[in-house]
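**Student:** I'd like to go over a predicted model; first the sequence, then the structure.
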Amino acid sequence: MKDVGNLLQGLPDAAQGEVFEALVRTGDVLVERIVSQGQASPPGVWYEQSRAEWVLLLQGAARLEWENGEQVALQPGDYVLIAAGRRHRVAWTERAGPTVWLALHFLP
């Protein structure tokens, strides 16, 4: 963890797999940078987290999908709040370059 940094500099190569970097971790909160490049959740795999997650897309593009079939496309500047226990998956991320997310996980 660093005290000072830039979320869009020093991006890791995510072509072979998403990269998760914890920026702040306390007992109640996790703030992380996620870098994706063409990844998606495997078919039929759903995330169901015990904490709420607020996600801001900083760079690239992505699409999230909810278990009920609803989808949301994300461009830089878009954010979404995922309630604790709400089943979701990453349906798509841009392949041409890195997609950078800022995610805040917290107790509801």
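**Tutor:** In hand now; what should we look at?

**Student:** Where do the strands of the protein begin and end?
**Tutor:** Secondary structure of the chain by DSSP state E: the strands cover 19-25, 29-36, 52-59, 62-66, 71-74, 79-82, 88-93, 99-106.

**Student:** Can you name every helix or strand that the fifth one contacts?
**Tutor:** Read that as strand 71-74. strand 62-66 (3 or more Cβ pairs under 8 Å, 6 or more residues apart in numbering; DSSP states H and E). Using the backbone N, CA and C atoms, a C-beta is placed for each residue, glycine as well.

**Student:** Show me the strands paired with the strand it packs on, marking each as parallel or antiparallel.
**Tutor:** Paired strands of strand 62-66, with direction, are strand 71-74 (antiparallel), strand 88-93 (antiparallel) (DSSP bridges).

**Student:** got the angle between that strand and strand 52-59?
**Tutor:** 160 degrees (axes from the mean of the first three to the mean of the last three Cα atoms, to 10 degrees).

**Student:** can you give me how far strand 62-66 is from the chain middle?
**Tutor:** 10 Å (Cα atoms, centre = their mean, to the nearest Å).

**Student:** try stretch 7-22
**Tutor:** With Cα atoms, centre = their mean, you get 11 Å for stretch 7-22.

**Student:** One more: stretch 92-107?
**Tutor:** 4 Å.

**Student:** in that stretch, what counts as buried?
**Tutor:** Residues 92, 93, 94, 98, 99, 100, 101, 102, 103, 104, 105 are the ones in stretch 92-107 that count as buried (16 or more other Cβ atoms under 10 Å).
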